[in-house]
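Engineer: Next input, structure requested:
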Amino acid sequence: MQIREIQIEDYIQIKELHKKYNLNILDKDEWIKFWQKNPCMLNSDISIPIGWALENAQKRIVGSLFNIPKEYYYDNKKIVTACSHAWIVEDKFRLEAFLLLKNFFSQKNIDVFIVTTANEPTAKIWLRYDAKKMPILTYQNSKFFVLDLEKLIRSFLKRKKIYLGKIIEKFIFYLSYIFLYKKINFWKNVNQSKIVTINTIIDNKFDDFWETYKSEFKYKFLQSRSASWIKWHIQQKIEKNKAWIITVVENKKILGYAICLERNNPKIELKRIIIIDLVSLQDNTEVYRSLIKGCVNESKKRGYHIIEAIGFKNSKNEIFSQFKTFNRKFPIFPFYYKIGKIIDKNFLNSEDAWDPSLIDGDSFL
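Structural biologist: Next up, the predicted model:
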């Protein structure tokens, strides 16, 4: 067995490995741009591997672990993080899987290691490596709005492999709609005091916003939200009409924005939008409320069945609660971190240092 760094040319084998274990992967062009246009990799003086491959004696890739570098800030200091992504190893080579993680944690120029999509086995392994659970425990919860109850019910039945006739499905829908009418439609009555617009261009207004936001929340562990980083996260999705940014702009300055990303489930015919980021200068409640309602309105207009929000600090979750959202809890807490070479190993222990969202780590993929 051999461990080596993953190269762009490995895409076909990597895709086959993903397919074997029913994991999604970007198409080839998107995948290449994802790695080549990462701002950390473009601007770093050091070589940062995109990941590591486990090869068998025949030079076939039987395992992989990807390494997504990102730029964070805390107390005006730049912090380089590495996020693990798509840790996959074929069943008969599982004992060698730890060699991949050993390479990940051995990176000398990384300040903080994170995983944001841990499952039960990987969470236990990270804890064995002295990782800690991200302290905002509501990250395990989802808040969502139901925009098309009939199609949501149909998707649910398909997922559970429950096959009913159309008449029975209609009966379930009408009965559920009567029972849930107030809750489903409550968001329509929430006041929206700010005008929201959809941004099609990520320009220097976002850089200006980021500099102010970073200064206001200097004691939050914040992923960079400069225009270049936002473009890297979602530009390709915007071009494919699978993402958008809703902003509140006054006097030609951005006061806040929300990023919405399509996360459909074709297997059960579910059309879903996720709010992967929600930020405002001065934590303005009116701006947040207007952005959330704008996201719901736009998702409804585009024909999505649900819109979901995961993560965020407690004060933002309280604003979502004002919309009387539906709630669910995931079985496993997904977000863990491990301090690398930073001297102060306790600065992330407090939940006050965090404002997590799905734009962190690899959750947006």
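
Engineer: use CA for all of it now, contacts and neighbours both
Structural biologist: OK.

Engineer: and the host helix or strand of residue 171, what does it pack onto?
Structural biologist: Element membership for residue 171, per DSSP states H and E: helix 166-185. Contacting helix 166-185 under the criterion 3 or more C-alpha pairs under 8 Å, 6 or more residues apart in numbering; DSSP states H and E are the following elements: helix 149-159.

Engineer: any idea of the mean pLDDT for the helix it packs on?
Structural biologist: Across helix 149-159, pLDDT averages out at 95.

Engineer: contacting residues for residue 124?
Structural biologist: Contact analysis of residue 124 by C-alpha atoms under 8 Å, 6 or more residues apart in numbering lists nothing.

Engineer: one more time with 10 Å
Structural biologist: Residues counted as contacts of residue 124 (C-alpha atoms under 10 Å, 6 or more residues apart in numbering) are 118, 131.

Engineer: which SS class is it?
Structural biologist: helix (DSSP: H, G, I helix; E, B strand; the rest coil).

Engineer: Show me where the stretch 151-300 of the chain has its strands.
Structural biologist: Along the stretch 151-300 of the chain, counting by DSSP state E, counting those that start in this stretch, strands occupy 197-199, 222-223, 243-250, 253-262, 272-280.

Engineer: Can you give the contact residues for the first one?
Structural biologist: If you take C-alpha under 10 Å, 6+ apart as the criterion, strand 197-199 is touched by 238, 244-249, 257-259, 291, 294-295, 298.

Engineer: tell me which of the residues you listed is nearest to residue 35?
Structural biologist: Nearest to residue 35 among the contacts of strand 197-199 is residue 238, at 17.9 Å by C-alpha to C-alpha.

Engineer: residue contacts, that closest one?
Structural biologist: Counting by C-alpha under 10 Å, 6+ apart, residue 238 touches 199, 200, 201, 231, 244, 245, 260, 261, 262.

Engineer: returning to that earlier point: buried residues of the helix holding residue 171, list them for me.
Structural biologist: 169, 173, 184, 185 (16 or more other C-alpha atoms under 10 Å).

Engineer: so where is this protein shaky, pLDDT-wise?
Structural biologist: 342-343 (pLDDT under 70).

Engineer: domain parsing for it?
Structural biologist: 2-110, 140-330 (automatic domain parsing).

Engineer: From start to finish, how long is the shortest one in a straight line?
Structural biologist: One end of domain 2-110 to the other measures 24 Å (C-alpha to C-alpha, to the nearest Å).

Engineer: How about the last one?
Structural biologist: Separation of the first and last residues of domain 140-330 by C-alpha to C-alpha is 6 Å.

Engineer: what about it, distance to the chain center?
Structural biologist: 12 Å (C-alpha atoms, centre = their mean, to the nearest Å).

Engineer: Equivalent analysis for the first one, please.
Structural biologist: If you compare the mean C-alpha spot of domain 2-110 with that of the full chain, they lie 17 Å apart, counting by C-alpha atoms, centre = their mean.

Engineer: that older thread, just give me the closest of the contacts of residue 238 to residue 126.
Structural biologist: Taking the contacts of residue 238 together and measuring to residue 126 by C-alpha to C-alpha, the closest member is residue 261, at 28.0 Å.

Engineer: how many neighbours does that closest one have?
Structural biologist: 25 (other C-alpha atoms under 10 Å).

Engineer: quick one, helices of this structure?
Structural biologist: Secondary structure of the chain, counting by DSSP state H: helices at 11-20, 28-36, 39-43, 97-105, 120-128, 149-159, 166-185, 204-216, 227-239, 285-301, 314-321.

Engineer: tally of neighbours for residue 202?
Structural biologist: Neighbourhood size, residue 202 [other C-alpha under 10 Å]: 15.

Engineer: picking up where we left off before, so which of the strands of the stretch 151-300 of the chain is nearest residue 100?
Structural biologist: strand 222-223 (25.2 Å).

Engineer: just checking, what packs against that closest one?
Structural biologist: With contacts taken as 3 or more C-alpha pairs under 10 Å, 6 or more residues apart in numbering; DSSP states H and E, strand 222-223 sits against strand 61-74, strand 77-89, helix 204-216.

Engineer: Quick check: PyMOL command selecting the buried ones in the contacts of residue 238.
Structural biologist: In PyMOL syntax, the buried subset of the contacts of residue 238 is picked out as below (16+ other C-alpha under 10 Å):
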select buried, resi 231+244+245+260+261+262
